[in-house]
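J.: give the three-dimensional model of this entry:
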Amino acid sequence: MRAAAVQLNSNGDKARNLVAAERLVRAAAADGADFVALPEKWNLLAGGEELLAAAEPLDGPSLTAARGWARTLGIHLLAGSISERGTEKASNTSVLIGPEGEDLAVYRKVHMFDVDAGGVSYRESEHEQAGAELVTAPLGESIAGLSVCYDLRFPELFRILALRGARVIGVPSAFTMATGRDHWEVLLRARAIENQVFVVAPNQFGKAAPHYDSFGRSSIVDPWGVVLATAPDDECFVAADLDFEAQDRVRESLPSLANRQPHAYVWPKLTEVRV
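T.: Predicted coordinates for the structure are as follows:
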């Protein structure tokens, strides 16, 4: 399978973002990609109140357009994430679309980005609600696992996806410049190595109002932790071939997943947890 990660500099202009996304999705498909992934908040990257006001249902215009691209191009398309309309708060929702334009999986980001980074305070939970379900889905003859951005810092999520059969995990992101410089590649490679999976990580790049400064460097990493492709500092896509036979050889020669000892892994009681 040939995979592509699309890197965008999305902003508060939804029409502009959709045009940029379609152009790069089509270019990636023309390059031979069977699986194309868009970044987090690909259709609109803006402040929390604006995201909430412009949130769409799953049958809204952004995902409807993405389904049309997938169907026309005959590709699997990971529609990064959008702000999905809810009752009071939105969800940060990623949808995997099949080559017939059908929804194969819907994942709502589990871990809310409530942190202080680079002098900016992020409180995602003020306008978005956390998801509660981990999701895998068919990806051609393989299986994909879904995650979004901050999920990358929680290895248990990735391990569960791998144990459910995921061989490719998507990480659509708007990873900040402040954290991305030191953590982005390290974490992508770690999750790939630990779980012996391919990681396809499209990221936002550049500045957007009100305070976004995204690191870019969208990447594709193989199960040995080798970075197969990294994006330059621009709106673009990068692509790489995912060799599943090579993945099988990695898992056979260094069987860390098979050598797990679940009986020894006991979660501490909440009263014993220190953070």
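
J.: for Ser121, helix, strand, or coil?
T.: strand (DSSP: H, G, I helix; E, B strand; the rest coil).

J.: which ones are touching the closest residue to Gln247 other than its chain neighbours?
T.: Leaving aside its sequence neighbours, Gln247 sits nearest to Pro223 (Cβ to Cβ, 6 or more residues apart in numbering; 4.8 Å). For every residue, glycine as well, the C-beta is placed using N, CA and C. By Cβ atoms under 8 Å, 6 or more residues apart in numbering, the residues touching Pro223 are 192-193, 195-198, 246-247, 250-251.

J.: at 7 Å what do you get?
T.: 192, 196-198, 247, 250 (Cβ atoms under 7 Å, 6 or more residues apart in numbering).

J.: and it, that's in a strand?
T.: No: checked against three-state DSSP, Pro223 lies outside a strand; its state is coil.

J.: could you report the pLDDT at it?
T.: As summarised for this prediction, Pro223 has a pLDDT of 98.

J.: Glu272 too?
T.: On the pLDDT scale, Glu272 gets 82.

J.: count the neighbours of it for me.
T.: Look at Glu272: counted by other Cβ atoms under 10 Å, it has 7 neighbours.

J.: now it: phi and psi?
T.: With angles defined as degrees, to the nearest 10, Glu272 sits at phi -100, psi -10.

J.: and for Trp267, the neighbour number?
T.: 8.

J.: hmm, I typed the wrong one, I wanted His127.
T.: His127: 21 neighbours (other Cβ under 10 Å).

J.: what sits against Leu44?
T.: Here Leu44 is in contact with 10, 12, 14, 17, 51, 54, 83 (Cβ under 7 Å, 6+ apart).

J.: list just the nearest of these to Asp114.
T.: Taking Cβ to Cβ as the measure, Asp114 lies nearest Leu51 of the contacts of Leu44, at 15.2 Å.

J.: next, Thr179: secondary structure please.
T.: Quick answer, by three-state DSSP: Thr179 is helix.

J.: is it fair to say Ser91 lies in a strand?
T.: Yes: secondary structure of Ser91 (three-state DSSP): part of a strand.

J.: thought it was touching Ala130?
T.: No: using Cβ atoms under 7 Å, Ser91 is not in contact with Ala130; the gap is 8.4 Å.

J.: what about these two, which has more around it?
T.: Neighbours were counted for Ser91 and for Ala130 using other Cβ under 10 Å; Ser91 has more, 21 against 14.

J.: show the pLDDT at Val275.
T.: With respect to pLDDT, Val275 has a value of 76.

J.: hang on, I meant Gly119
T.: pLDDT at Gly119 comes out at 89.

J.: how many neighbours does it have?
T.: With other Cβ under 10 Å as criterion, Gly119 counts 7.

J.: not counting sequence-adjacent ones, nearest residue to it?
T.: Ala178 (7.7 Å).

J.: so the one you found makes contact with Ala117?
T.: Yes: Ala178 is in contact with Ala117 according to Cβ under 7 Å; the separation is 4.6 Å.

J.: can you tell me the closest non-neighbouring residue to Leu38?
T.: Leu38 sits nearest to Gly80 (Cβ to Cβ, 6+ apart), 3.5 Å away.

J.: fine by me, we can end here.
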